[in-house]
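[1] Structure for this input, please:
(2 chains)
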Amino acid sequence: MYKILKACDLASNIFLMEVEAKRVASACEPGQFVIVKIDERGERIPLTICDYDREKGTVTIVVQTIGASTVRMQKLRAGDSFMDFVGPLGRPSEFVNEDIDSLKGKKMLFVGGGLGTAPVYPQVKWLHEHGIDADVIVGAKTKDLVILEDEMKAVAGNLYITTDDGSYMRAGMVTEVIKDLVENQGNKYDVCVAIGPMIMMKFVCLLTKELGIPTIVSMNPIMVDGTGMCGACRLLVGGEVKFACVDGPEFDGHLVDFDQAMKRQNLYKTEEGRALLKEQEGDTHHGGCGTCS
Amino acid sequence: MDVMKKVPVREQDPKVRATNFDEVCLGYNETEATEEASRCLTCKNAQCVKACPVNIDIPGFISKIKEGDFEEASRVIGKSSALPAICGRVCPQETQCEGKCIRGIKGESVSIGKLERFVADYARQKGIKPSKCENTNGRKVAVIGSGPAGLTCAGDLAKMGYEVTIFEALHEPGGVLVYGIPEFRLPKDEVVKKEIENVKALGVTIETNVVVGKSVTIDELMDKEGFEAVFIGSGAGLPKFMGIPGETASGVFSANEYLTRSNLMKAFRDDHDTPIRPGKKVAVVGGGNVAMDAARTALRLGAEVTVVYRRSEEELPARVEEVHHAKEEGIIFNLLTNPTEILVDENGWVRGMTCIRMELGEPDESGRRSPIEIPGSEFTIDVDTVIMSLGTSPNPLISSTTEGLETNRRKCIVADEETGQTSRPGVFAGGDAVTGAATVILAMGAGKAAAKGIDEYLRAK
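    Residues are numbered from 1 along each chain as shown, chains lettered A, B, ... in the order given. Model prediction:
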């Protein structure tokens, strides 16, 4: 059993949990993910790691309610436990193994959309701890869905927040902010890391390709085991079949076939479920639950 | 009774069982088992024992059945195998013990598998458990993977007095026994769980949710956690795909995914959260045991199922019994047929599959006649789901994170057949991780050999 030390809601349908998982906490790096199973009957749900504390032996996850298992998860409180919590899975972000000095010479831009802000956070934090300040754009549908603002502020170089409806800070999509930073403010970026709903990552990639900025995206498609066994998470990257769980989750965004990936996401979704989701969450959902787009 | 013929085993009626997940074969009762046992000639130089990868004393345990001492029969088997209820159900006996049975020369061989199953089921129902080794030597051995190879290796080492911990990546121990083989061939709660409990009763600890190579490396296990030797029994888990157009469409699954959802995650039951999309018209591509399992699972979930295989019936790699059961249940076989493209609708879903007819040419390196396409014979079959069951290869998670661990061109770990020794001192391996996808019993044989190899290595250290 894996004990929940802290549980709080970040928005009405987004919650954060700090979980005791010593092996995961001692081995994980930014970019990796875990699979969580609430109890005997639950699904195996892939979730990105939002933070970790090696000394305390804890891992922080941020979850959006979507299917039966995540709705049940949100009801858990500090002191409760998950039956299963396995990881770290996938490969760490590439920069973790890069030469720090050459990394310091690079200007990095992070883009987090909705729940995608959570997996962006440990990457920006890691860089900050290694003396590198990256620019961060956080996008959300509306003010209430902006998450981890204070945490991000503490580790980011410049933080730009934008909401689709203009209810908080800037108004508009994240792509508009990127355009503004590059074209109007003259910022130059050597690499962009974009994590969020597939549709957001697709449009960020279309733009950064135009702007000539290499872009990394984090794919979190449907998964079962997370160790390469089932092949449910296969994607087309540069025309080749890749498994997100072992070859990713991060890929060269300019090579990912997003249209095909988005179609696969619908595999286990009913028409009713899709309609309900559209109404509830619009395009802010990251896909971390494994059953959504 | 006709002594030349096997005592027939009772099975669920095909029409009934095609709609449920209960076990197909019902097994022998005491009378039937005793009658079948009486057919054994108790050969002095028993060929069946030699043909058994774990060398069970077959005439020995059958003699005990003849005497009516079923408990003692279970002890005889227990000396060689920790998983008899599993082996009695899934071993390909026809090519092993029963294939060499002297009775089988003139008549039908003794039903050794069904007798083993009877004895194991009897012992389990009577609550007979193996006992823990009284003198532990305090030396720690790590076993990676809790499938047949790992469980056997761990069980044997525990019997010798070692302190064994099995690390399992999934949330449930058993490996292919729980994620791969379906309930109707191998019941999970009554059979698999109980035999794993027996391995634990020998003193083995199982830690689930540890992906060796990710959560912890072999070097860390040896340097930081005090394990003096490691056995890798991580299996062959990576599914193969054909590489034809349309294969990433929604509705195309690997057999691993389809079976894992149903077997491990219990998607066939309403009280579990994991979904499965059974499909209405399903094509299963491949002809092995896993293909039969996937086809029969889809059938039970309500689909019309066709097996598409590029060679003829004679070359089907699945056990004859499995093919026979599949046919009885209504699975359609489309043989000498190979898919060339999966057709996809505007929403990305499977809407059909184009296939081509094949004919058999000269034997290839596997000794089987190689299939050749017949030009212009393409045709389309109407399916909404395609399950690819083309075999699996070993997972590189461990070999890629363990320095100095030699692998071959098929990504299999190179290990000595007799001892399981790999290119790294103190690291042993066996089962599908070494051979590529094979059978439960061969993996058990490798686990057994490695336990002996590890014992010799640690004694000499």
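[2] all helices of the stretch 351-461 of chain B, in order?
    Along the stretch 351-461 of chain B, counting by DSSP state H, counting those that start in this stretch, helices occupy B:396-399, B:432-435, B:440-460.
[3] Which stretch among these is buried most, on average?
    A comparison of the helices of the stretch 351-461 of chain B by mean neighbour count, using mean count of other C-beta atoms under 10 Å in any protein chain shown, puts helix B:432-435 on top with a mean of 28. C-betas here are computed from N, CA, C, even on glycine.
[4] Output that helix as PDB, restricted to C-alpha atoms.
    Below are the C-alpha coordinates for helix B:432-435, written out as PDB (Å, rounded to 0.1, in the frame of the first residue of the first chain):
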ATOM      1  CA  ASP B 432      11.500 -16.400 -22.300                       C
ATOM      2  CA  ALA B 433      14.000 -13.600 -21.500                       C
ATOM      3  CA  VAL B 434      16.700 -16.000 -22.800                       C
ATOM      4  CA  THR B 435      14.900 -18.200 -25.300                       C
END
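[5] so who does residue 24 touch?
    Because you didn't say which chain, this covers chain A. A:Val34, A:Ile49, A:Tyr52, A:Val59, A:Phe85, A:Val86, A:Gly87, A:Pro88, B:Ser215 (C-beta atoms under 8 Å, 6 or more residues apart in numbering or on different chains).
[6] right idea, wrong chain: chain B
    Contacts of B:Val24 by C-beta under 8 Å, 6+ apart are B:Glu11, B:Gln12, B:Arg17, B:Phe184, B:Arg185, B:His325.
[7] Can you give me the distance of the nearest residue to the second one once chain neighbours are set aside to B:Glu36?
    Distances taken as C-beta to C-beta, 6 or more residues apart in numbering or on different chains place B:Val24 nearest to B:Gln12, at 5.5 Å, with adjacent residues excluded. The spacing between B:Val24 and B:Glu36, counted by C-beta to C-beta, to the nearest Å, is 19 Å.
[8] re earlier: lowest average confidence across the helices of the stretch 351-461 of chain B, which one?
    Per-stretch mean pLDDT for these is lowest at helix B:396-399 (a mean of 90).
[9] Stretch B:101-111: how far from the chain's middle?
    25 Å (C-alpha atoms, centre = their mean, to the nearest Å).
[10] Helices of chain A, residue ranges please.
    A:22-27, A:68-74, A:100-104, A:117-129, A:149-155, A:174-179, A:198-211, A:244-247, A:258-265, A:271-281 (DSSP state H).
[11] right, and those - which one's nearest B:Arg409?
    For these, distance to B:Arg409 was read as C-beta to C-beta. The smallest value, 19.5 Å, belongs to helix A:244-247.
[12] Any residue of that closest one touching chain B?
    Yes - judged by C-beta under 8 Å from any C-beta of the partner chain, helix A:244-247 comes into contact with chain B through A:Val246.
[13] That helix - contacts with which helices or strands?
    In terms of contacts (3 or more C-beta pairs under 8 Å, 6 or more residues apart in numbering or on different chains; DSSP states H and E), helix A:244-247 is packed against strand A:234-237.
[14] Any residue of the strand it packs on touching chain B?
    Yes - using C-beta under 8 Å from any C-beta, strand A:234-237 reaches chain B at A:Arg234, A:Leu235, A:Leu236.
[15] Tell me the bridge partners for the second one.
    On DSSP bridges, the residues paired with A:Leu235 through beta bridges are A:Lys242.
[16] residue contacts, it?
    A:Leu235 sits in contact with A:219, A:221, A:241-244, A:248, A:251, A:256-257, A:260-261, A:264, B:248, where contact means C-beta under 8 Å, 6+ apart.
[17] quick one: which of those residues is nearest to B:Gly155?
    The nearest member of these to B:Gly155, counting by C-beta to C-beta, is A:Phe243 at 32.6 Å.
[18] The closest one: neighbour count?
    Residues lying near A:Phe243 (other C-beta atoms under 10 Å in any protein chain shown) number 23.
[19] what sits against it?
    A:Phe243 touches A:Gly228, A:Gly231, A:Cys233, A:Arg234, A:Leu235, counting by C-beta under 8 Å, 6+ apart.
[20] Next, the nearest residue to B:Glu98 once chain neighbours are set aside: secondary structure please.
    Nearest non-adjacent residue to B:Glu98, counting by C-beta to C-beta, 6+ apart: B:Ser109, 4.1 Å away. Secondary structure assignment for B:Ser109 (DSSP: H, G, I helix; E, B strand; the rest coil): coil.
[21] low pLDDT regions in chain A?
    Scanning chain A for pLDDT under 70 picks out A:267-293.
[22] Domain map for it?
    A:2-89, A:94-215, A:219-293 (automatic domain parsing).
[23] What is the least confident helix or strand in chain B?
    strand B:392-393 (a mean of 88; mean pLDDT, DSSP states H and E).
[24] Run through the neighbouring helices and strands of that one.
    Using 3+ C-beta pairs under 8 Å, 6+ apart: strand B:392-393 touches strand B:238-239.
[25] Summarise which helices and strands the strand it packs on is packed against.
    By 3+ C-beta pairs under 8 Å, 6+ apart, strand B:238-239 packs against helix B:255-259, strand B:392-393.
[26] Out of those, name the one with the poorest average pLDDT.
    Minimum mean pLDDT among the helices and strands packed on strand B:238-239: strand B:392-393, a mean of 88.
[27] strands paired with it, and their directions?
    strand B:238-239 (antiparallel).
[28] Tell me how far the residue in the stretch 151-293 of chain A that chain B sits nearest to lies from A:Ala156.
    For the stretch 151-293 of chain A, the residue closest to chain B is A:Lys263, as judged by C-beta to the nearest C-beta, at 3.0 Å. Distance, A:Lys263 to A:Ala156, by C-beta to C-beta: 34 Å.
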